[in-house]
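Asks: can't give you the sequence, but here's the structure:
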């Protein structure tokens, strides 16, 4: 690799070493702020059937992720005409299951 002249008082290897440190610190700080608490049953609307957008808000996921969960049989949905709905009871069950599993998972992963 050919050395490119730099116009500041650092050797190129020292410069890139410092850049890696700064980027690593910024990424670590950003990842620390991204920790999201699991959804709560109390955050859900009181209706029996929930729309896909409401379920996305509850789990803080996108619609493609929600539909992937349906294909993977993680969530059950009901189709009424052209719309897809989710049972409040099913969503509560999924939330309770994830809350029970959360303490057993390794937080460092």
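Replies: Everything's here; your move. None of the values given here were measured: they were computed from a predicted structure. Numbers count the residues shown, from 1 in each chain.
Asks: can you mark which positions in the lengthiest strand in the chain are buried?
Replies: If you go by DSSP state E, the chain has its longest strand at strand 83-87. Within strand 83-87, the residues that qualify as buried are 84-86, counting by 16 or more other CB atoms under 10 Å. Yep, even glycine has a C-beta here, placed from its N, CA and C like the rest.
Asks: and those residues, which is closest to residue 59?
Replies: Residue 59 lies nearest to residue 86 out of these, by CB to CB, at 10.4 Å.
Asks: beta partners of the closest one?
Replies: Counting by DSSP bridges, residue 86 is bridged to residue 50.
Asks: in this structure it contacts residue 78, no?
Replies: Yes: at 7.4 Å, residue 86 counts as touching residue 78 under the criterion of CB atoms under 8 Å.
Asks: residue 2 belongs to a strand, doesn't it?
Replies: No: Residue 2: not assigned to a strand; according to DSSP: H, G, I helix; E, B strand; the rest coil it is coil.
Asks: show me the contacts for it.
Replies: The contact partners of residue 2, by CB atoms under 8 Å, 6 or more residues apart in numbering, come to none.
Asks: give me the three-state assignment for residue 57.
Replies: Of the three states, residue 57 takes helix according to three-state DSSP.
Asks: for the remainder of this discussion, apply numbering that starts at 39.
Replies: Okay, using 39 as the starting number, the last item reads as residue 95.
Asks: that one: neighbouring residues, count only.
Replies: Residue 95 has 15 neighbouring residues, counting by other CB atoms under 10 Å.
Asks: just the pLDDT at it, thanks.
Replies: Predicted confidence (pLDDT) for residue 95: 89.
Asks: rewinding a little: tabulate the buried residues of strand 121-125 (CSV), appending distance to residue 46 and pLDDT.
Replies: Shown next, in CSV, are those (distance: CB to CB, whole Å; pLDDT from 0 to 100):
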residue, distance to residue 46, pLDDT
122, 56, 91
123, 60, 92
124, 56, 92
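Asks: can I get the residues you listed in JSON lines including distance to residue 136?
Replies: Formatted as JSON lines, the buried residues of strand 121-125 follow (distance: CB to CB, whole Å):
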{"residue": "122", "distance to residue 136": "21"}
{"residue": "123", "distance to residue 136": "21"}
{"residue": "124", "distance to residue 136": "15"}
